[in-house]
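*Asks:* This is a predicted model, with the sequence first.
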Amino acid sequence: MAKKEVASKNEKGFEESLWDSANRLRGSVESSEYKHVVLSLIFLKFVSDKFEERRAELIAEGKEKYTDMVEFYTMKNIFYLPETSRWSHIQQYAKQDDIAIRIDSALTAVEKSNVSLKGALPDNYFSRLGLDGSKLSALIDAINNIDTVADAEEDTVGRVYEYFLGKFAASEGKLGGEFYTPKCVVNLIAEMIEPYKGKIYDPCCGSGGMFVQSLKFVRSHHGNTKDISVYGQEYTATTYKLAKMNLAVRGLSANLGEVPADSFFKDQHPDLKADYIMANPPFNMKDWRAANELVHDPRWSGYETPPTGNANYAWILHMVSKLSEHGVAGFVLANGSMSTNTTGEGTIRQKLVENDLVDCMIALPGQLFYTTQIPVCLWFLSKSKKADSERGYRNREGETLFIDARKMGSMISRTQKELDADDIATIARSYHAWRGEAKDGVYEDQAGYCKSATLDEMRKHDFVLTPGRYVGAADVEDDGIPFETKMTEMSQALYRQMEESARLDVVIRKNLEGLGYGE
């Protein structure tokens with residue numbers, strides 16, 4: 001056990017030292033750019049290590065004549081690499097003046113040799129940046145220390161990705177949120193909706209974090225990752241590439257559309273019906289459409305057209321339109337989405353409730369995100385709340401679960417809070433028990449924490465979905481001390497404070513008089 005703890009600490013130290021190496025690029029490269037430098041190199045190291053492992057395996061099996069046949073790699077979901085794309089080649093020439101050109105050539109060759117990476121890797125990126133050769137060489141040396149295939153369960157490269165994405169988000173401020181959702185939030189969504197089997201969709205997938213967590217969830221619960229298929233879309237070109245690399249690193253094939261594109265104006269999965277949707281749409285996106293655009297879009301059918309000034313409800317209706325007959329969606333939105341009545345949003349929310357789509361609402365604690373102080377919540381929509389014996393669900397028609405988790409979580413830095421494994425398990429168990437899953441016990445309302453509300457109760461609150469409206473205040477524990485005793489003690493403490501205040505007033509007056517500022 002002790003050895004494992006030491007190893008864990010060493011790995012953490014390694015991640016930090018790698019971040020320090022990347023930071024040396026500051027000055028020669030904008031911080032918004034150098035994440036792509038680092039992650040591209042980590043990707044190249046990973047696919048090269050996997051290639052070399054498979055190559056050694058073929059030689060050991062007496063199949064040396066097949067070591068340059070692409071099929072013998074792709075059959076194991078491994079990318080074939082031409083010699084100039086292998087990490088050993090990059091390392092060999094790391095100190096040469098043309099190393100940036102060699103890296104660009106290596107990435108181009110990898111993409112051309114592997115169809116699934118089309119459009120994923122940077123094009124002539126390193127040579128265009130004009131990087132300082134010595135700093136780039138030092139970064140290559142640092143990345144060379146990663147043994148990416150030693151422990152498949154530990155997922156070393158995945159951890160590096162997560163660590164760097166988090167650090168980038170913390171250092172870049174607002175822009176970081178375009179591609180990074182805190183791992184604990186993603187983990188909570190996965191634990192809530194349990195994406196075991198079927199189609200998973202994220203209409204604003206960023207770097208692919210929701211998909212990665214789905215994969216981890218399936219593996220941790222001894223499921224088969226071949227039972228899930230992944231669909232997504234991302235608007236920002238560089239983040240689209242990042243997602244493709246991130247998923248390739250995990251061995252997860254996904255359909256992210258042919259090109260980076262806006263999900264509203266160029267939906268690349270028009271006929272998709274997903275079993276699970278996980279998403280963190282951009283908060284309160286303004287001017288997402290012009291007044292005359294998408295007015296009669298079929299995705300809003302049966303609802304008011306979402307307003308131009310805020311895309312929150314456009315994202316919600318887009319996701320509703322993508323759900324399969326028994327589909328479930330879990331997504332992050334700004335708290336305002338639970339109560340707004342601006343230009344038709346309240347009417348849309350009322351219709352969502354009346355259509356019995358809202359399964360669970362969770363108010364999250366503040367300070368979970370690196371990039372924004374906007375309070376956030378989780379929405380969970382279910383296309384069917386009928387009893388499902390196969391999944392062990394009871395009939396929940398006409399009911400919605402409200403959870404107030406604002407007091408949960410703990411500070412992991414001066415500005416950052418995190419939901420730990422126990423917090424996540426507590427919230428997920430509450431939801432699963434409410435759904436009727438026997439393994440999670442019997443559900444009961446808890447004042448100040450959770451409440452199962454009916455349609456009539458939501459109607460009385462004008463369809464506002466803020467959990468605090470429903471869960472009430474937690475019961476205050478009686479400490480057994482009589483009121484008279486408490487009042488006496490508090491009164492005496494107040495009198496002592498008043499006496500001390502009077503004494504300090506006298507001292508201050510004397511000091512002011514001594515300085516010539518008396519009355």
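*Replies:* Sure, I can see it.
*Asks:* can we go C-alpha only for contacts and neighbour counts from here?
*Replies:* Fine.
*Asks:* Could you pull up the residues touching Ser324?
*Replies:* By C-alpha atoms under 8 Å, 6 or more residues apart in numbering, Ser324 lies in contact with 273-275, 383.
*Asks:* any idea how far Glu57 is from it?
*Replies:* 43 Å (C-alpha to C-alpha, to the nearest Å).
*Asks:* Ile316 too?
*Replies:* Ile316 is 48 Å from Glu57, by C-alpha to C-alpha.
*Asks:* ditto for Met338
*Replies:* Met338 is 55 Å from Glu57, by C-alpha to C-alpha.
*Asks:* Going by how many neighbours each has, rank those two and give me the top one.
*Replies:* A count of neighbours by other C-alpha atoms under 10 Å puts Met338 above the other of Met338 and Glu57, at 22 against 14.
*Asks:* per-residue confidence at the more buried one?
*Replies:* Per-residue confidence (pLDDT) for Met338: 97.
*Asks:* Show me the residue sitting in the middle of the chain in space.
*Replies:* Thr181 (2.9 Å; C-alpha atoms, centre = their mean).
*Asks:* next one: phi and psi at that one?
*Replies:* phi -110, psi 130 (degrees, to the nearest 10).
*Asks:* Please apply the same query to Glu325.
*Replies:* The phi/psi pair for Glu325 (degrees, to the nearest 10) reads phi -60, psi -40.
*Asks:* May I see the buried residues of stretch 19-38?
*Replies:* 19, 21-25, 29, 31, 34-38 (16 or more other C-alpha atoms under 10 Å).
*Asks:* typo on my end, it should be stretch 250-267
*Replies:* Quick answer for stretch 250-267 (16+ other C-alpha under 10 Å): 252-254, 256-257, 259-264.
*Asks:* Mind putting those into TSV with secondary structure, distance to Lys439 and pLDDT?
*Replies:* Shown next, in TSV, are the buried residues of stretch 250-267 (DSSP: H, G, I helix; E, B strand; the rest coil; distance: C-alpha to C-alpha, whole Å; pLDDT from 0 to 100):
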residue	secondary structure	distance to Lys439	pLDDT
Leu252	coil	30	79
Ser253	coil	32	79
Ala254	strand	32	89
Leu256	coil	36	94
Gly257	coil	38	94
Val259	coil	43	91
Pro260	coil	42	93
Ala261	coil	42	96
Asp262	coil	41	96
Ser263	coil	38	97
Phe264	coil	40	98
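*Asks:* could you dump the residues you listed to JSON lines with distance to Phe51?
*Replies:* Listed next are those as JSON lines, based on distance: C-alpha to C-alpha, whole Å:
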{"residue": "Leu252", "distance to Phe51": "16"}
{"residue": "Ser253", "distance to Phe51": "17"}
{"residue": "Ala254", "distance to Phe51": "21"}
{"residue": "Leu256", "distance to Phe51": "24"}
{"residue": "Gly257", "distance to Phe51": "27"}
{"residue": "Val259", "distance to Phe51": "27"}
{"residue": "Pro260", "distance to Phe51": "28"}
{"residue": "Ala261", "distance to Phe51": "32"}
{"residue": "Asp262", "distance to Phe51": "35"}
{"residue": "Ser263", "distance to Phe51": "35"}
{"residue": "Phe264", "distance to Phe51": "39"}
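*Asks:* which of the residues you listed lies closest to Glu354?
*Replies:* Phe264 (24.9 Å; C-alpha to C-alpha).
*Asks:* Dihedrals phi and psi, that closest one?
*Replies:* According to degrees, to the nearest 10, Phe264 has phi -80, psi -40.
*Asks:* ok, now Asp420?
*Replies:* Dihedral angles (degrees, to the nearest 10) for Asp420: phi -90, psi 180.
*Asks:* Could you pull up the residues touching it?
*Replies:* Here Asp420 is in contact with 184, 409-410 (criterion: C-alpha under 8 Å, 6+ apart).
*Asks:* Now for Thr415, how many residues are close by?
*Replies:* 12.
*Asks:* Name the SS class of the residue nearest to it when sequence neighbours are not counted, please.
*Replies:* Of all residues not flanking Thr415 in the chain, Gln367 sits nearest, at 6.7 Å (C-alpha to C-alpha, 6 or more residues apart in numbering). Assigned with DSSP: H, G, I helix; E, B strand; the rest coil, Gln367 falls in the coil class.
*Asks:* where's Gln367 relative to Arg414, distance?
*Replies:* 10 Å.
*Asks:* So those two - more neighbours on which side?
*Replies:* Gln367 (20 against 7).
*Asks:* pretty sure the more buried one contacts Ser413?
*Replies:* No: in this structure, Gln367 is not within contact of Ser413 by C-alpha atoms under 8 Å, at 10.2 Å.
*Asks:* The closest residue to Gly518 other than its chain neighbours: neighbouring residues, count only.
*Replies:* With C-alpha to C-alpha, 6+ apart as the criterion, Gly518 has its nearest non-adjacent residue at 5.8 Å, and that residue is Leu512. Per other C-alpha under 10 Å, the neighbour tally for Leu512 reads 12.
*Asks:* State the distance from Leu512 to Val506.
*Replies:* From Leu512 to Val506 the distance is 10 Å (C-alpha to C-alpha).
*Asks:* Thr426 now?
*Replies:* Going from Thr426 to Val506 by C-alpha to C-alpha gives 55 Å.
*Asks:* Could you do Ala190 as well?
*Replies:* 63 Å.
*Asks:* These two: which is more packed in?
*Replies:* More crowded of Ala190 and Val506, by other C-alpha under 10 Å: Ala190, with 25 against 10.
*Asks:* element containing the more buried one?
*Replies:* If you go by DSSP states H and E, Ala190 is part of helix 183-193.
*Asks:* Residues touching that helix, excluding its own?
*Replies:* Against helix 183-193 from outside (C-alpha under 8 Å, 6+ apart): 209-210, 213-214, 217, 276, 278, 328-331, 418-420, 424-425, 428, 431-432.
*Asks:* Among these, which lie within strands?
*Replies:* 276, 278, 328-331, 418 (DSSP state E).
*Asks:* how about CSV for those, with pLDDT, distance to Gln268 and neighbour count added?
*Replies:* Compiled in CSV, these are given as follows (pLDDT from 0 to 100; distance: C-alpha to C-alpha, whole Å; neighbours: other C-alpha atoms under 10 Å):
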residue, pLDDT, distance to Gln268, neighbour count
Tyr276, 97, 17, 29
Met278, 97, 17, 29
Val328, 98, 21, 27
Ala329, 98, 19, 29
Gly330, 98, 21, 24
Phe331, 97, 20, 21
Glu418, 93, 34, 21
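*Asks:* From those residues, pick the one nearest Phe126.
*Replies:* Distance to Phe126 across these (C-alpha to C-alpha) is lowest for Met278, with 33.6 Å.
*Asks:* In contact with that closest one, which residues?
*Replies:* 189-190, 200-202, 210, 329-331.
*Asks:* let's see 7 Å
*Replies:* Counting by C-alpha atoms under 7 Å, 6 or more residues apart in numbering, Met278 touches 201-202, 210, 329-331.
*Asks:* same question, Gly208
*Replies:* By C-alpha under 7 Å, 6+ apart, Gly208 lies in contact with 243, 246-247.
*Asks:* measure it to Glu519 for me?
*Replies:* For Gly208, the distance to Glu519 - C-alpha to C-alpha - is 70 Å.
*Asks:* Same check on Met245?
*Replies:* 75 Å.
*Asks:* same thing with Leu323?
*Replies:* 77 Å.
*Asks:* For Gln350, the count of nearby residues, please.
*Replies:* 19.
*Asks:* if I look at it, how far off is Ser263?
*Replies:* In terms of C-alpha to C-alpha, Gln350 sits 24 Å off from Ser263.
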